[in-house]
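Peer 1: sequence first, predicted coordinates after that:
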Amino acid sequence: MSEEVVRSSVVAEETQQAVGKKHPLLELALFNESCEEAIAHWGDKNTMSHRLGTLQTVLTNKYVGKESVLFLMELADGWRSSSNFRIFDESFGEERAKNRCKVAEKAFDVLCARFFGQEKDRDPMWWWMLGDQEVFEKTLWFLRTNNDRLCRCTLRNFHADSEKPQTRTIGKFLTIFAELGWEYGRYDFRGLYQDEVVERLISARPKLVDILSATNSLHWLLRQKKLDRATRQALKSLTFRYKLYLPRIDGSWGEEYHVPKTLQEALYGGSREAEVLLLYKSLQIQRRLFATTRREVVRAEREKERQVKLKQLEEQRRQLDEQESQLLGK
């Protein structure tokens with residue numbers, strides 16, 4: 001057999017192998033799924049890789065709808081600690097809890113990227129939530145406080161000290177969202193029923209106080225000239241909710257953690273809530289003092305102007321009397 005015939009035979013065999021062997025991905029039906037389609041297949045396989053893959057599919061979508069947001073909040077709840085996913089007496093419980101926590105953390109990442117975030121030169125992605133009562137309440141639920149009664153208010157699904165890059169995203173959201181409860185007048189709620197949004201935000205003030213406390217932003221409230229009763233009550237409730245490191249009250253020396261009995265005692269223990277309440281009270285007294293002083297100054301200036309005008313009138317009357325006497329030849 002000639003060399004040319006051998007070469008042709010080898011080439012033909014390699015060509016047949018190339019044609020017969022397909023790339024593994026060619027057998028996979030790839031298509032663009034919406035968030036709703038991806039989540040609809042959530043229960044198809046009870047594996048960690050499938051769940052993470054589903055969330056990655058949701059992450060690639062630019063728009064995340066209402067039902068998807070509600071589901072993601074349920075899924076991400078407790079993402080900061082694997083202990084939230086531990087089942088008592090479960091085999092390989094610690095490992096499974098860690099895997100569940102990874103899925104919850106991925107869901108939180110999706111929320112930060114597709115709900116809590118903000119695109120440049122546009123309204124925040126979550127703006128529509130203000131007009132939807134169900135999503136609004138679910139957001140407040142997701143941002144609820146921990147049950148820990150020691151020292152300070154913290155949120156179950158957020159901590160300012162977290163090193164995750166998503167912390168900056170949700171932190172910015174928390175700042176804008178919480179401040180809306182008092183400064184809603186600065187924003188244009190176009191496309192939403194403004195009266196409903198305002199009423200919703202005012203009703204949420206006690207929970208927004210929790211957010212301000214957890215993000216170390218309570219002193220922002222002092223910018224408000226007047227705090228409504230619900231806000232003051234929320235601050236007072238936080239003041240006496242947590243144990244502070246205070247001197248013992250049983251007659252012995254030293255300090256211990258216990259709930260303060262007065263605002264002054266809470267202030268001594270480092271309560272930011274007590275500090276804001278006492279500062280607000282002091283500011284209100286000073287505002288009233290300034291207002292009274294201004295009224296007195298204005299009253300004094302008006303009296304001074306009145307006296308000047310009276311003197312001018314008297315002078316004019318004197319001059320008229322003199323002219324009258326001259327005309328009458330007196």
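Peer 2: Sure, I can see it.
Peer 1: how is the protein carved up into domains?
Peer 2: With domains defined by the TED database, the chain comprises 22-114, 117-216.
Peer 1: any regions of the stretch 201-330 of the chain where pLDDT drops low?
Peer 2: For the stretch 201-330 of the chain, residues meeting the criterion pLDDT under 70 lie at 330.
Peer 1: quick one: the strands in it, in order.
Peer 2: Chain-ordered strands for the stretch 201-330 of the chain, with DSSP state E, counting those that start in this stretch as the definition, fall at 244-247, 255-258.
Peer 1: between these, which gets nearest to residue 145?
Peer 2: strand 244-247 (16.5 Å; CB to CB). Every residue, glycine included, has its C-beta placed from N, CA and C.
Peer 1: which residues sit against the closest one?
Peer 2: Identification of contacts with strand 244-247 by CB atoms under 8 Å, 6 or more residues apart in numbering yields 151, 254-260, 265-266, 268-271.
Peer 1: mind redoing it with 7 Å?
Peer 2: The contact list for strand 244-247, computed with CB atoms under 7 Å, 6 or more residues apart in numbering, reads 151, 255, 257, 258, 260, 265, 266, 268, 269, 270, 271.
Peer 1: repeat that for stretch 143-158.
Peer 2: The contact list for stretch 143-158, computed with CB under 7 Å, 6+ apart, reads 76-80, 142, 170, 174, 210-211, 213-214, 238, 241-244, 257.
Peer 1: do stretch 264-274 as well
Peer 2: Stretch 264-274 is contacted from outside by 213, 218, 235, 238, 239, 244, 245, 246, 260, 263, 275, 278, using CB under 7 Å, 6+ apart.
Peer 1: gap between the two ends of it?
Peer 2: Terminal residues of stretch 264-274 are spaced 7 Å apart (CA to CA, to the nearest Å).
Peer 1: gap between the residue lying closest to residue 237 once chain neighbours are set aside and residue 302?
Peer 2: Nearest residue to residue 237, sequence neighbours excluded (CB to CB, 6 or more residues apart in numbering): residue 206, at 7.8 Å. Residue 206 sits 44 Å away from residue 302, going by CB to CB, to the nearest Å.
Peer 1: these two - which one has more neighbours?
Peer 2: Higher neighbour count among residue 206 and residue 302: residue 206, with 15 against 10, using other CB atoms under 10 Å.
Peer 1: quick one: the more buried one and residue 236 touch, right?
Peer 2: No - in terms of CB atoms under 7 Å, residue 206 does not count as a neighbour of residue 236; the distance is 10.8 Å.
Peer 1: tell me the contacts of residue 110?
Peer 2: For residue 110, the contacting residues are 55, 58, 59, 72, by CB under 7 Å, 6+ apart.
Peer 1: out of these, which sit inside helices?
Peer 2: Taking DSSP state H as the definition of helices, the contacts of residue 110 contribute 55, 58, 59, 72.
Peer 1: pull the longest helix from this structure.
Peer 2: For the chain, the helix that runs over the most residues, judged by DSSP H, is helix 272-328.
Peer 1: look up phi and psi at residue 216.
Peer 2: Torsion angles at residue 216 (phi, psi; degrees, to the nearest 10) stand at phi 60, psi 40.
Peer 1: which parts of stretch 108-119 are buried?
Peer 2: By neighbour count on 16 or more other CB atoms under 10 Å, the buried set for stretch 108-119 is 108, 109, 110, 111, 112, 113, 114, 115, 116, 117.
Peer 1: and which of those is nearest to residue 45?
Peer 2: Nearest member of those to residue 45, counting by CB to CB, is residue 110, at 18.8 Å.
Peer 1: residues near the nearest residue to that closest one once chain neighbours are set aside, how many?
Peer 2: Leaving aside its sequence neighbours, residue 110 sits nearest to residue 59 (CB to CB, 6+ apart; 4.9 Å). A count of nearby residues for residue 59, using other CB under 10 Å, gives 17.
Peer 1: just checking, residue 59 touches residue 113?
Peer 2: Yes - applying CB under 7 Å, one finds residue 59 in contact with residue 113, separated by 6.1 Å.
Peer 1: just give the number of residues close to residue 201.
Peer 2: Residue 201 has 20 neighbours, counted by other CB under 10 Å.
Peer 1: just checking, it touches residue 183?
Peer 2: No - with contact defined as CB under 7 Å, residue 201 does not count as touching residue 183 (9.7 Å).
Peer 1: show me which pair in the contacts of residue 110 is furthest apart.
Peer 2: The span of the contacts of residue 110, defined through CB to CB, is set by 59 and 72 at 10.3 Å.
Peer 1: ok so, going back, from the contacts of strand 244-247, which single one is nearest residue 187?
Peer 2: residue 271 (31.2 Å).
Peer 1: so how far is residue 249 from the closest one?
Peer 2: Distance, residue 271 to residue 249, using CB to CB: 16 Å.
Peer 1: same drill for these two, tell me which one is more crowded.
Peer 2: Between residue 271 and residue 249, counted using other CB under 10 Å, the more crowded position is residue 271 (26 against 10).
Peer 1: would you mark the buried spots in stretch 264-277?
Peer 2: For stretch 264-277, by 16+ other CB under 10 Å, it's 265, 266, 267, 269, 271, 272, 273, 274, 275, 276, 277.
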